[in-house]
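Participant: Provide a 3D model corresponding to the input given below.
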Amino acid sequence: MQEEPTPPFRGKRGRAFRGKPPEPEHRVNQRIRANQVRLIGNDGEQLGVFDPREALKMAQDQGYDLVEIAAKSDPPVCKIMDYGRFLYEQNKKQHEARKHQKGHKLKEVKFRPRTDQHDYDFKKKHAIRFLGDGDKVKAIIMFRGREMAHRDIGYAKLEKLVEDVAEYGEPEKRPSMEGRWLHVIIAPRATQPKPKAKPTKAEAKVDADTETEAKDDAKGKAKTKGKAKTKAKTKTKAKTKTKAKTKTSAEASA
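Facilitator: Okay, here's the model as predicted:
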């Protein structure tokens, strides 16, 4: 009778592998092949050197697994433990490590030689936020046509940006030209300044009241000026009418 061929081993993603399946990370229980093992108890106590079958029986009597943790030692080191819980805690640690491991990115902030102050302030805030997040910032001045004749304006704008964000980052080198682009890369500082504390409710209320009073004063002054102007116009019109009437009367009498 012809034997059926062994089906290929499939990995986690369903891909088929011909030949032997990959070795597990740890040998557990009956998979331990050594003639003797150095045994560690579940509480970390050194128990000595045992036959693997005897060590496995000790682990099973306690309701645990026998796990080979150092296969290259002589003799190999095995530990009595709950292997399922061990794998769970190991995966949890790896997940936490990946979660806190953040890759730094290079963010771009683009300007033109004629970028106005409002746009400059807006993009400067973005650069400060990127540096605060631990990312590098590549500030670029883009030149077009005849603007290349005024590269000094671009250098001045980049130097101003470097000074404005000096508290959060520092340039890796001086600004340099690449074709029609003038750029500088700013790296974040190791210690970032603390964010400004938010005002309390009482302080916010006082500020709001002060702002309201200032607006009311401004409105009052504007109304007073408007009334004064109206009075002045009325007086001027009245004088003009009086002069016209006097002149008309004089001409009629003559």
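Participant: which other residues reach the host helix or strand of V162?
Facilitator: Using DSSP states H and E, V162 sits in helix 151-164. Contacts of helix 151-164 from elsewhere in the structure, counted by CB atoms under 8 Å, 6 or more residues apart in numbering, are 111, 113, 115, 120, 124, 127, 139, 141, 143, 170-171, 175, 177, 182-184, 186. C-beta coordinates here come from the backbone N, C-alpha and C atoms, glycine included.
Participant: The following helix or strand past that helix pairs with which strands, and in what direction?
Facilitator: Secondary structure here is assigned by DSSP H and E; on that basis, the next helix or strand after helix 151-164 toward the C-terminus is strand 169-171. The strands beside strand 169-171 in its sheet (DSSP bridges) come out as strand 181-188 (antiparallel).
Participant: do you know how far the nearest residue in space to V77 that is not next to it in sequence is from R31?
Facilitator: Across the structure, with CB to CB, 6 or more residues apart in numbering as the measure, the residue nearest V77 apart from its sequence neighbours is A70 (3.8 Å). For A70, the distance to R31 equals 15 Å [CB to CB, to the nearest Å].
Participant: same deal with A166?
Facilitator: Spatial separation of A166 from R31 under the definition CB to CB is 61 Å.
Participant: Return the residues in contact with the nearest residue to D82 once chain neighbours are set aside.
Facilitator: Of all residues beyond its chain neighbours, the one nearest D82 is Y64 (5.7 Å), with distances taken as CB to CB, 6+ apart. Remark: with contacts taken as CB under 8 Å, 6+ apart, Y64 is in contact with 42, 80-83.
Participant: Paired strands for the helix or strand where A139 lies, with orientation please.
Facilitator: Secondary-structure element containing A139, defined by DSSP H and E: strand 136-142. The sheet places strand 136-142 alongside strand 106-111 (parallel), strand 181-188 (antiparallel), with pairing taken from DSSP bridges.
Participant: Give me the residues contacting the helix or strand where L87 lies.
Facilitator: In this structure, L87 sits in helix 83-100 according to DSSP H and E. Defining contact as CB under 8 Å, 6+ apart, one finds that helix 83-100 is touched by 26, 28, 64-65, 67.
Participant: List the buried residues in stretch 138-145.
Facilitator: Residues 138-143 are the ones in stretch 138-145 that count as buried (16 or more other CB atoms under 10 Å).
Participant: Taking helix 151-164 as reference, get the angle to the strand holding A139.
Facilitator: Interaxial angle, strand 136-142 versus helix 151-164 (axes from the mean of the first three to the mean of the last three CA atoms, to 10 degrees): 160 degrees.
Participant: quick one: contacts of strand 136-142?
Facilitator: For strand 136-142, with CB under 8 Å, 6+ apart as the criterion, the contacting residues are 104-113, 127, 130-131, 154, 157-158, 161, 165, 169, 180-188.
Participant: which of those residues count as buried?
Facilitator: Buried among the contacts of strand 136-142 (16+ other CB under 10 Å): 107, 109, 111-113, 127, 130-131, 154, 157-158, 161, 165, 169, 182-184, 186, 188.
Participant: In the stretch 151-254 of the chain, where is pLDDT below threshold?
Facilitator: The stretch 151-254 of the chain contains residues with pLDDT under 70 at 194-229, 231-233, 235, 237-239, 241, 243-254.
Participant: before we move on, the earlier item: could you export the strand holding A139 as CSV, CA atoms only?
Facilitator: Extracted in CSV, the C-alpha atoms of strand 136-142 (Å, rounded to 0.1, in the frame of the first residue of the first chain):
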residue,chain,number,x,y,z
LYS,A,136,13.2,66.7,12.6
VAL,A,137,12.1,69.7,10.6
LYS,A,138,13.3,70.6,7.1
ALA,A,139,12.5,74.3,6.4
ILE,A,140,12.5,75.1,2.7
ILE,A,141,12.5,78.4,0.8
MET,A,142,11.3,77.9,-2.7
